[in-house]
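1. quick one, fold the following:
(one chain, ligands or ions: 2)
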Amino acid sequence: MSSSIRFLMCSPKHYDVDYVINPWMEGNVHKSSRDRATEQWQKLYHILKEHAIVDLIEPQQGVPDMVFTANAGLVLERTVVLSRFYHKERQGEEPFFQQWFEDQGFTVYTLPKELPFEGAGDALLDREGRWLWAGYGFRSELDSHPLLAKWLDIEVLSLRLMDDRFYHLDTCFCPLTNGYLLYYPPAFDAYSNRLIEMRVPPEKRIAIDEADAVNFACNAVNIDHIVVMNKASDNLKARLEEVGFHIIETPLTEFMKAGGAAKCLTLRVTEPLQPVHHAAATVESRTIQLEGHLLDSGLINRALDLIVEGGGSFQVLNFSLGEQRQSTSSAEVRVTAPSHDVMEKLMSQLIDLGAGLRPQEVCDNPLEEVTLDGVAPDDFYVTTIYPTEVRVNCQWVRVNNQRMDGAIVVSQTAEGPIAECKLLRDLKKGDKVVVGVDGIRTVRKTESREQRTTNDKEFSFMGSGVSSERRVELVVEQIGWELRRIRDQGGRVVVVAGPVVIHTGGGEHLSRLIREGYVQALLGGNAIAVHDIEQSMMGTSLGVDMKRGVSVRGGHRHHLKAINTIRRCGSIAKAVEQGVLQSGVFYECIKNNVPFSLAGSIRDDGPLPDTRMDLLEAQREYAQLIQGADMILMLSSMLHSIGVGNMTPAGVKMVCVDINPAVVTKLSDRGSVESVGVVTDVGLFLSLLVKQLDRLTSPYQIAQPV
Ligand SMILES: NC(=O)c1ccc[n+]([C@@H]2O[C@H](COP(=O)([O-])OP(=O)(O)OC[C@H]3O[C@@H](n4cnc5c(N)ncnc54)[C@H](O)[C@@H]3O)[C@@H](O)[C@H]2O)c1
Ligand SMILES: NC(=[NH2+])NCCC[C@H](N)C(=O)O
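-> Ligands and ions are numbered 1, 2, ... in the order given. Modelled structure (predicted):
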């Protein structure tokens, strides 16, 4: 027996499964045998007494989980951080454990009531004393970790738990003597697994499989080279014995009905200080502000979900609800993350949602100089589609040329600072680029339910989201009305289209939209032009007769003949001028002075002389043609629609038509005010659209004031 090691245990005199606060308890309420529990506990107790001293605390009525003394608190030397239980069912244990520690002469630290921490169930010392592993996600709060670091003067490594079966760190993680680690990686998020791998060398990491994990193999008591646990597979036993451990299995099935096993039933109360440790917690906290229709638009929920899903935790410091449906609300939220990297990612996402730092926390954006043409500084802020402002000279400066996936370049001019979005390839040496996320805010239009309803009366898409069940005709009516309005007001509609428009017979309808002035620019690839011209010259598309719907002999060569003909003319425009091309979508573009741009791709035949095989040139041409668009109609081209979506700032209405809901969902994911997805055949859509435009006999009339 080692006289230096002491454990605290509590007999199962009042143990039972009286409630459900973890998945293991479901279906086990009052199904634990007190006799078997007592027998199993006694066996564990005697095993430990052979190797250490075991102190006992008196069990108390009404707190059946008190038997799990691991959750009493966290001990280091003669200091203990008392647990603050997350569930009220266990909060009754706190005064008894506090009394015991005080009677034993411990220095007792207590956390604020609203800051749960469940002791050595969620915090485990590295057996070499170098740091403290601390879990969060189900019971203990991440915000408790900086206090552990301060009070215990030790580095805290935060690990996020992801599987509610392993709701306490000690159910899936067991530091062992000589720096070995027994753990179940799937119980943690990616960041935490990376952290574990950075701190524990591969030869010391013993990752177990699910079969051992659900037998609580990680919930083991380690004393020097002894490892006591409920059960281990032969393979796991062999692996542990290979590195010098001796395994003692003792059944604890009655306690597993409550979600605990060997380690949970014990608390090591002799944890000597090691000289190597030092206080440090990589945990970071920031306070953000959110303004708008936080409840109506769901913005507050999305922000809080994003924080938790991103590995952080939050505390709503204050929330002022707007009195009227029209008025906005505001909230201040304290965000905590386990590391600077995670915080940066969270803040970047929160800024995209429209969050900002409190004015007193806003500092000028850190800027870094570009040292290599076309290469941004590592930590550059990646722009989104949303209008963005950056803090320069303590002023908010709106970013010009907003688009996603760019960098923000700030320059000083006689008129003051200017900020603009630049693609990486356009960065020049010496450009000052915004890095990090401090001093950035995006302007998100979140509409109240009232505003959205009002808009719906006049016109707006029927909310974002995509449903092939939605009546296409109804959406087409709205789109037709909007197209007519934009045309009659001299607005700008850009169409992005794939060859499927031609294959499905939509070419004639698109030609008509162009001829009647509904289209101000057409974007696509080589194929839509090839098959449009094939249909115009040979009546087929992909060799299929468009009138009879049957393949024609030798039809598979038709599109190549079309390409060859245009190549001989020199361009599509020249083919029209020479009378070679006499109908179709691109004929109408030339005849009606509607500019178009064809972006090349790896799968192009030919290509046509007009197809831009220099993709950077094609992107520049696309970007120029979508400037000032009021609406973008995306017709069955995933490739080109995504490309256009990436370069289009927020505020431009988008209609995404595709037969594949997944494509439409992706393309419509820009908020309900801006976009709608229509899951249907594109030829049918265009046919319905021109019929709808015909039905709108009187042009759009703006209601004149009486
Ligand atoms: N012969 C050629 O030169 C040739 C032929 C084909 C494609 N390409 C090139 O390949 C690139 C990608 O072509 P893409 O944009 O057609 O492919 P894409 O896969 O990016 O998009 C096609 C989209 O059409 C949708 N779709 C299919 N049938 C539909 C229907 N009946 N109604 C509505 N939507 C339907 C699909 O779900 C898909 O999202 C383009 O640059 C194109 O020019 C060249
Ligand atoms: N350290 C532990 N894992 N303790 C197990 C605690 C079991 C208890 N029923 C609870 O859910 O809190």
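2. got the contact list for the residue lying closest to residue 19 once chain neighbours are set aside?
-> With sequence-adjacent residues excluded and distances taken as CB to CB, 6 or more residues apart in numbering, residue 19 is closest to residue 89, at 5.0 Å. C-beta here means a position set from N, CA and C on the backbone, and glycine is covered the same way. With CB atoms under 8 Å, 6 or more residues apart in numbering as the criterion, the residues that contact residue 89 are 18, 19, 21, 65.
3. the last one: how many residues sit nearby?
-> When you say that, I think you mean residue 65. Under the neighbour criterion other CB atoms under 10 Å, residue 65 is assigned a count of 27.
4. for the second one, same thing?
-> Burial of residue 19, expressed as a neighbour count using other CB under 10 Å, amounts to 14.
5. what does the first one give?
-> Residue neighbour count, defined by other CB under 10 Å, stands at 17 for residue 18.
6. hmm, it is touching residue 66, no?
-> No. Under the contact definition of CB atoms under 8 Å, residue 18 does not touch residue 66, with a separation of 11.7 Å.
7. per-residue pLDDT, the residue of the chain found nearest ligand 1?
-> Among residues of the chain, the one nearest ligand 1 by CB to the nearest ligand atom turns out to be residue 525. It sits 2.4 Å away. Per-residue confidence for residue 525 comes out at a pLDDT of 98.
8. hang on, it packs against residue 597?
-> No. Applying CB under 8 Å as the test, residue 525 and residue 597 come out as separate, 9.6 Å apart.
9. who has more neighbours out of these two?
-> Per other CB under 10 Å, whichever of residue 525 and residue 597 has more neighbours is residue 525, with 27 against 24.
10. next, the contact list for the more buried one, please.
-> Contact criterion CB under 8 Å, 6+ apart gives 498, 499, 598, 599, 600, 601, 604, 611, 637, 639, 640 as the residues in contact with residue 525.
11. can you check residue 597 too?
-> Residues touching residue 597, when contacts are defined by CB under 8 Å, 6+ apart, comprise 521, 522, 523, 524, 612, 618, 621, 622, 625.
12. what of residue 226?
-> Applying CB under 8 Å, 6+ apart, the residues contacting residue 226 are 51, 245, 246, 248.
13. and those residues, which two are the farthest apart?
-> Within the contacts of residue 226, two members stand farthest from each other by CB to CB: 51 and 245, at 13.1 Å.
14. more neighbours: these two, which one.
-> In this view residue 51 and residue 245 are compared by other CB under 10 Å, and residue 245 has more residues nearby, 22 against 17.
15. would you confirm that the more buried one contacts residue 225?
-> Yes. At 5.4 Å, residue 245 and residue 225 qualify as touching, with contact defined as CB under 8 Å.
16. who in this structure is up against ligand 1?
-> If contact is defined as CB under 6 Å from any ligand atom, the residues of the chain in contact with ligand 1 are 498-500, 504, 525-527, 530, 559, 601, 603-605, 636-640, 658-660, 663, 681-682.
17. return the residues in contact with the nearest residue to residue 171 once chain neighbours are set aside.
-> When the adjacent residues along the chain are set aside, residue 171 lies closest to residue 219, with 5.3 Å between them (CB to CB, 6+ apart). Shown here is residue 219, whose contacts under the criterion CB under 8 Å, 6+ apart are 170, 171, 174, 229, 230, 260, 261, 262, 263, 264.
18. looking at these, which is nearest residue 238?
-> For residue 238, the nearest member of the contacts of residue 219 is residue 229. The distance, counting by CB to CB, is 14.5 Å.
19. ok, what's across the strand from the closest one?
-> Taking DSSP bridges as the rule, residue 229 bridges to residue 249.
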